[in-house]
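Asks: sequence unknown, structure follows:
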């Protein structure tokens, strides 16, 4: 649990901290299976009593957190976002949070940051609860045959299949791999297999040296995953084997004795945190999500506050909710109905009312008119809201051929240029279109979300969940680009992972390859980035105190300047390559702002211009400079035709 908390506070401190959830799955599979195996052997297993125990263990604290999140969302969040929280709450109460976030979470390029969704973390509880439904029924069908030597073999095959499926299905649907039990079952089964072994061999033991070696190797596997895995990896999948097997080794060693690694785990403060770990996990994420929703990234100072706040909230929940409800002794049916069904129906009914009430015309809360109260003089629209912007997470034939994707001068014939890149190319469409109208050429735009315009394999730079779509779309885009004499490229030059030098070297290789095939290339620099910018700040300030919403101003980011400088120098020393930067127009006197002087928004989010700003910027450039020099060659090509 601590690894997950640290990761969520600052992923740079523990890049693989997310595997804490997988460690938890192993422990859960081990403990639950042990309970069932023992009861099956004794002939005392009762499915109702099993569910009674699970309800007492899980439901009370979860219900409190869901109710809190529902109420807080209504008070603090904008209507559309609060409605999504209500919908996720209903699914969570039905043990389907993971299904909701797989099916309904908005994964669009400009979607709300998932870290601002207060119930996102309940996906893991959905996986666990679905395991609690399927696994006992499976073992009941197996009965005492779980002692058969074939049982661990079959379970191991199923577990390995689950791990391999994670890798095989990731390119098809990374959300499916991340959220659903089919690719998480291996982690739970690792714990179950270990439990079956120990239950079958209660007198088996390890000597001190093998125990120490087992604990040490298990700790290395777990700590290695925590330190060296990161969110850009394919996960879960075969990478999940290391931390899950490592966890099983620690459990096995702990079952047989003490070692240095295990003595750390029984340190009293860690034991105290462990007792409240479930409640800490439940509470830490909503607290962080609501803070991020209003105030943005968690600073180093705020992270310390939230660390202790999460521990305090979890401990209070453990003392006031978990421990008292576990002590209640009722019949299984009464426990299930009174402890879960009835309160879940009340909270879920409230959630459904919040989801469907506005559609029925019911006045739900003051937040329904927050947008009317907020003094937003201009509407900020992203590039993706316009039909002439041909950006996709996965390119289609329509994107490659549609006449809607061609802009510029009203001249006959085929377009003379193509604008190729990621979303940072999309937000330049207005700029390039205004220049093209003045210069007399036409261009096709072709953009791939989170996928840079490269002639080389993008794998070192693109996150795993985008890699398959990026590769496929780049192959399609490169075929189209070959048909144009001029290529305008733009991307988030300073925003791709891996070494910036390595990435920019790949960009340079791509540019030189285009030139070698007779292309004229215009490289467009990146606009400055405003990490704390929130276009909905004025609305959120009505419920979040001390939220400053004046346009942000700053000097250009050093990393953006460095990337742009590299590209400028590349153009200067390479024939038939030109560089164009809008920064002199957006950052007069080296002071950049998120809004124009009259208050109209310039930025849609932290790193993208609004489409209105793109067209306005194009007007300013043409009005002050006419056709900028880098585009003159395209204009001459158009005249030559």
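Replies: Cool, the structure landed. As the structure is a prediction and not an experimental result, all values here were calculated from the model.
Asks: what about the stretch 151-300 of the chain, any weak spots by pLDDT?
Replies: Scanning the stretch 151-300 of the chain for pLDDT under 70 picks out 256-274.
Asks: quick one: the strands in it?
Replies: For the stretch 151-300 of the chain, applying DSSP state E, counting those that start in this stretch gives no strands.
Asks: now the stretch 451-600 of the chain
Replies: In the stretch 451-600 of the chain, the strands defined using DSSP E, counting those that start in this stretch lie at 486-490, 520-524, 553-554, 577-580, 592-593.
Asks: Count the residues that sit near residue 305.
Replies: Around residue 305 there are 14 other residues, counting by other CB atoms under 10 Å. In this view, the C-beta of every residue, glycine as well, is placed from N, C-alpha and C.
Asks: meant to ask about residue 597
Replies: 9.
Asks: ok, back up a step: quick one, which of the strands of the stretch 451-600 of the chain gets closest to residue 532.
Replies: Nearest of the strands of the stretch 451-600 of the chain to residue 532, taken as CB to CB: strand 553-554 at 9.5 Å.
Asks: Can you work out which other helices and strands pack against that closest one?
Replies: In terms of contacts (3 or more CB pairs under 8 Å, 6 or more residues apart in numbering; DSSP states H and E), strand 553-554 is packed against strand 592-593.
Asks: Walk me through which strands the strand it packs on pairs with, and which way each runs.
Replies: Sheet pairing of strand 592-593 (DSSP bridges) gives strand 553-554 (antiparallel).
Asks: For the partner strand, give the mean pLDDT please.
Replies: For strand 553-554, mean pLDDT is 92.
Asks: Make 495 the starting number, not 1.
Replies: Understood, numbering begins at 495; the last thing we discussed is strand 1047-1048.
Asks: ok now that strand, how far from the chain's centre?
Replies: Between the centre of strand 1047-1048 and the centre of its chain there are 28 Å (CA atoms, centre = their mean, to the nearest Å).
Asks: Repeat that for stretch 1103-1116.
Replies: 31 Å.
Asks: repeat for stretch 1071-1087
Replies: Worked out by CA atoms, centre = their mean, stretch 1071-1087 lies 31 Å from the chain centre.
Asks: Go through it and list whatever outside residues touch any part of it.
Replies: Stretch 1071-1087 is contacted from outside by 922, 925, 1005, 1009, 1014-1019, 1021-1022, 1024, 1045-1050, 1058, 1061-1062, 1064-1066, 1096, 1111, 1114-1115, 1118, 1122-1125, 1127, using CB atoms under 8 Å, 6 or more residues apart in numbering.
Asks: where does the chain dip in pLDDT?
Replies: Within the chain, the segments meeting pLDDT under 70 span 495, 600-607, 750-768, 852-873, 1131-1135.
Asks: domains of it?
Replies: The record's domain parsing of the chain by automatic domain parsing lists 516-698+761-860, 877-1134.
Asks: possible to save the ones you listed as JSON lines with distance to residue 717?
Replies: Listed next are those as JSON lines, based on distance: least, CB to CB, whole Å:
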{"stretch": "domain 516-698+761-860", "distance to residue 717": "11"}
{"stretch": "domain 877-1134", "distance to residue 717": "22"}
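Asks: quick one, which of those domains is nearest to residue 727?
Replies: It's domain 877-1134; of the domains of the chain, that one is closest to residue 727 (CB to CB) at 5.9 Å.
Asks: need the contact list for the most centrally placed residue in the chain.
Replies: Nearest residue to the geometric centre of the chain (CA atoms, centre = their mean): residue 608, 5.8 Å. Applying CB under 8 Å, 6+ apart, we find residue 608 in contact with 599, 614.
Asks: how near is it to residue 599?
Replies: When distance is defined by CB to CB, to the nearest Å, residue 608 is 7 Å away from residue 599.
Asks: Residue 1103 now?
Replies: Residue 1103 is 26 Å from residue 599, by CB to CB.
Asks: more crowded one of the two?
Replies: Neighbours were counted for residue 1103 and for residue 599 using other CB under 10 Å; residue 1103 has more, 29 against 18.
Asks: Which strand residues bridge the more buried one?
Replies: As assigned using DSSP bridges, the partners bridged with residue 1103 are residue 1097.
Asks: Touching, it and residue 1022? I think so.
Replies: No: taking CB atoms under 8 Å as the definition, residue 1103 is not a contact partner of residue 1022, at 10.7 Å.
Asks: picking up where we left off before, most tightly packed of the strands of the stretch 945-1094 of the chain?
Replies: Among these, strand 980-984 has the highest mean neighbour count (mean count of other CB atoms under 10 Å), at a mean of 26.
Asks: Spit out the residues that contact residue 608 and residue 599 alike.
Replies: The contact sets of residue 608 and residue 599 overlap at residue 614 (CB under 8 Å, 6+ apart).
Asks: ok, back up a step: TSV for the strands of the stretch 945-1094 of the chain, including distance to residue 503?
Replies: Formatted as TSV, the strands of the stretch 945-1094 of the chain follow (distance: least, CB to CB, whole Å):
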stretch	distance to residue 503
strand 980-984	34
strand 1014-1018	36
strand 1047-1048	25
strand 1071-1074	40
strand 1086-1087	29
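Asks: top strand in the protein by residue count?
Replies: strand 936-942 (DSSP state E).
Asks: If you count contacts, what does that strand end up packed against?
Replies: strand 885-886, strand 900-902, strand 911-915, helix 917-920, helix 923-933, helix 958-975.
Asks: Residue 700: which of those is closest?
Replies: Nearest to residue 700, of those and by CB to CB, is helix 958-975 at 37.6 Å.
Asks: who's in contact with that closest one?
Replies: Here helix 958-975 has contacts from 664-666, 668-669, 726-729, 886-889, 894, 912, 914, 938, 940, 942-945, 947-949, 951-953, 956, 981, 1008, 1013, using CB under 8 Å, 6+ apart.
Asks: To residue 521, which of the strands of the stretch 945-1094 of the chain lies closest?
Replies: Closest among the strands of the stretch 945-1094 of the chain, once you apply CB to CB, is strand 1047-1048, at 46.0 Å.
Asks: that older thread, redo the helices and strands packed on strand 936-942 as TSV? Include distance to residue 511 and mean neighbour count.
Replies: Formatted as TSV, these follow (distance: least, CB to CB, whole Å; neighbours: other CB atoms under 10 Å):
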stretch	distance to residue 511	mean neighbour count
strand 885-886	32	22
strand 900-902	45	20
strand 911-915	33	27
helix 917-920	28	26
helix 923-933	39	25
helix 958-975	17	18
